[in-house]
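Enquirer: dropping a prediction and its sequence here:
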Amino acid sequence: MTPPGPVDHVVTSGTFSLDGGTWDVDNNVWVVGDENEVVVIDAAHDPEKIAAAIGGRRVVAVVCTHAHDDHVNQAPRLADTFNAPILLNPAEAPLWEMTHPDRTPDRDLTDGQVITAGGIELRALLTPGHSPGSTCLYAPELGTVFTGDTLFQGGPGATGRSYSSFDTIIDSIRSTLLTLPGDTTVRTGHGDSTTIGGEAPHLEEWITQGR
């Protein structure tokens, strides 16, 4: 049997609801660590599928890049199953409470915080805009950043709904993400991965389109 890699990828399917609308979505769930312990990034939709990817490994934390329901709907269940804390930036509280009014995250996720699993360090990068406390996770030794819904292949995350800001997401991408090495792999919350260098040249184009 092939041992798990430092990054395991699970695609789960469900819905996203906000502002009175509901959409079908496929989400990327990332399991990062080694053969002994992992961090789960964005526990979405299908706890059994995510648990199968975790296997018998210890879960250091269930980390939420932001609190839209399609990224957190299974966070409490996974956290309880694996006796792990849920980490979320406190600015996400209004969105979290829409999905989990009777459960709070266990710990704050703060800018610059480092979470370690299996010797791999994940550094939290606060990147508001898609939502108030959206946070990316940068793993320098893997040459990877997990961007949630802040940066996708082809542009920034959506900002047309409550608690979002186009100007703020552009500032976050420009000042935080585009300063990472160009060959950094961008592993997104939905869809295909890309690189920082592949997206950087299009910033001004996005700004023109967004306004």
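Expert: On my side now, so go ahead.
Enquirer: which positions within the lowest-mean-pLDDT helix or strand in the chain qualify as buried?
Expert: Least confident helix or strand, the chain: helix 203-210 with a mean of 90, by mean pLDDT, DSSP states H and E. Buried residues in helix 203-210, counted by 16 or more other Cβ atoms under 10 Å: residue 206. Placement of C-beta: from N, CA and C, glycine included.
Enquirer: do the same with stretch 186-198
Expert: Result for stretch 186-198 [16+ other Cβ under 10 Å]: buried residues 186-190, 193-196.
Enquirer: show residues contacting the helix or strand residue 77 falls within.
Expert: Take DSSP states H and E as the rule and residue 77 turns out to sit in helix 75-82. Helix 75-82 is contacted from outside by 40, 43, 47, 50-51, 54, 58-59, 62, 64, 84-86, 100, 103, 105-106, using Cβ atoms under 8 Å, 6 or more residues apart in numbering.
Enquirer: quick one: the next helix or strand after that helix to chain centroid distance?
Expert: Using DSSP H and E, the helix or strand that follows helix 75-82 in sequence is strand 86-88. Here strand 86-88 is found 11 Å from its chain centre; the criterion is Cα atoms, centre = their mean, to the nearest Å.
Enquirer: keeping just the C-alphas, turn whichever helix or strand comes after strand 86-88 into CSV.
Expert: Sequence-wise, the next helix or strand downstream of strand 86-88 (DSSP H and E) is helix 93-99. The C-alpha coordinates for helix 93-99 follow below in CSV (Å, rounded to 0.1, in the frame of the first residue of the first chain):
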residue,chain,number,x,y,z
ALA,A,93,-18.1,34.6,13.6
PRO,A,94,-21.2,36.0,11.8
LEU,A,95,-20.9,33.5,9.0
TRP,A,96,-20.0,30.6,11.2
GLU,A,97,-23.1,31.2,13.4
MET,A,98,-25.4,30.9,10.3
THR,A,99,-24.3,27.2,10.0
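Enquirer: partner strands of whatever helix or strand comes next after helix 93-99, with direction?
Expert: Note on helix 93-99: by DSSP H and E, the next helix or strand toward the C-terminus is strand 107-108. Here strand 107-108 is paired, per DSSP bridges, with strand 86-88 (parallel).
Enquirer: pull out the buried positions in the partner strand.
Expert: Those would be 86-88, for strand 86-88 by 16+ other Cβ under 10 Å.
Enquirer: let's have those residues in TSV, adding distance to residue 172 and pLDDT.
Expert: Output for the buried residues of strand 86-88, formatted as TSV (distance: Cβ to Cβ, whole Å; pLDDT from 0 to 100):
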residue	distance to residue 172	pLDDT
86	23	98
87	19	99
88	17	98
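Enquirer: any chance of JSON lines for these, columns distance to residue 16?
Expert: Output for the buried residues of strand 86-88, formatted as JSON lines (distance: Cβ to Cβ, whole Å):
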{"residue": "86", "distance to residue 16": "19"}
{"residue": "87", "distance to residue 16": "21"}
{"residue": "88", "distance to residue 16": "17"}
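Enquirer: let me know the closest of those residues to residue 145.
Expert: Closest to residue 145 out of the buried residues of strand 86-88 is residue 87 (16.8 Å), distances taken as Cβ to Cβ.
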